[in-house]
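Undergrad: Give me a 3D structure for the following:
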Amino acid sequence: MELSTHSLLLLLSLLSLFTISVRAKMKVSYIAVCAVLVLLLAEARITEAVTCSPTELSSCVGAITSSTPPSKLCCSKIKEQKPCLCQYLKNPNLRKFVNSPNARKVASACGTPFPKC
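TA: Numbers count the residues shown, from 1 in each chain. All right, here's what the predicted structure looks like:
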């Protein structure tokens, strides 16, 4: 079976398109995997970067000790310190402050669920 020049060129063109398509899909998949890895590593670094310091919550004292709504700074600090709250609850000096009903209300008002330790 002989192929004409036209048929051969058409077959080569289709083969080229198929190869380009497969390579493009592989490249897109590779880029997607790399993007996911970057996001996961960034999330891990953010979690590691938290320094547990109860003084970071000083902007929340007014909201916790009275019925004033929490400030934006207070809410950002509560979200930042959330990984530390269980540690604060284990400290007898901080437990009354962190575990008070008002502290839970402030956390809730900030959209930060109180952890179950």
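Undergrad: Helix or strand with the lowest mean pLDDT in the chain?
TA: When each helix and strand of the chain is scored by mean pLDDT, DSSP states H and E, helix 5-48 comes last, with a mean of 49.
Undergrad: just checking, next helix/strand downstream of that helix?
TA: helix 61-65 (DSSP states H and E).
Undergrad: Report all helices and strands that that next one contacts.
TA: Counting contacts by 3 or more C-beta pairs under 8 Å, 6 or more residues apart in numbering; DSSP states H and E, helix 61-65 is packed against helix 101-109. C-betas here are computed from N, CA, C, even on glycine.
Undergrad: Name the residues of the helix it packs on that are buried.
TA: 103, 105-107 (16 or more other C-beta atoms under 10 Å).
Undergrad: What is the neighbour count of N99?
TA: By other C-beta atoms under 10 Å, the residues close to N99 number 14.
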